[in-house]
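Q: For reference, the sequence and a predicted model appear below.
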Amino acid sequence: MDHIWLDAARNRDGGTMAWLFADDFVEIHPGGEIVDKKQQIDQIMDPRAASKRSIPDDIDVRYTSPDVAVLLDTTTIRGFSGGVKI
């Protein structure tokens, strides 16, 4: 699922992300910013978003109930944002 997510983000495939993310989806970004499903998709779909390559590592899925799972990973992001290498 993590690879589907990263492929959809790289391809700016909003339909796949909308299908993949639960309605009550949340993600915690570096720095502590918390975004919901709509905010996450909007950020990824933004044409001003950085050109980047995402490399996931240490993927760990923890199931808490039949309807809830928590995915933890470390993702290294490399690319350019505003002409600056990140």
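A: It's in.

Q: Where does pLDDT dip in this structure?
A: 49-52, 80-84, 86 (pLDDT under 70).

Q: mind listing the helices for it?
A: For the chain, the helices defined by DSSP state H occupy 2-10, 14-20, 37-45.

Q: which helices and strands sit right next to the shortest one?
A: Counting contacts by 3 or more CB pairs under 8 Å, 6 or more residues apart in numbering; DSSP states H and E, helix 14-20 is packed against helix 2-10, helix 37-45. Quick note: C-beta positions are derived from backbone N, CA and C, even for glycine.

Q: want to throw the helices of the chain into JSON lines with mean neighbour count and distance to residue 74?
A: Putting these into JSON lines (neighbours: other CB atoms under 10 Å; distance: least, CB to CB, whole Å) gives the following:
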{"stretch": "helix 2-10", "mean neighbour count": "16", "distance to residue 74": "11"}
{"stretch": "helix 14-20", "mean neighbour count": "14", "distance to residue 74": "20"}
{"stretch": "helix 37-45", "mean neighbour count": "16", "distance to residue 74": "18"}
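
Q: Mind putting those helices into CSV with distance to residue 70?
A: Below are the helices of the chain laid out as CSV (distance: least, CB to CB, whole Å):
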stretch, distance to residue 70
helix 2-10, 12
helix 14-20, 15
helix 37-45, 16
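
Q: contacting residues for the nearest residue to residue 29 once chain neighbours are set aside?
A: Nearest non-adjacent residue to residue 29, counting by CB to CB, 6 or more residues apart in numbering: residue 35, 6.5 Å away. Neighbouring residues of residue 35 by CB atoms under 8 Å, 6 or more residues apart in numbering: 26, 27, 29, 43.

Q: Let me know the closest of the residues you listed to residue 59.
A: residue 27 (14.5 Å; CB to CB).

Q: Thought residue 41 was touching the closest one, still the case?
A: No: in this structure residue 27 lies outside contact range of residue 41 using CB atoms under 8 Å: 10.7 Å.
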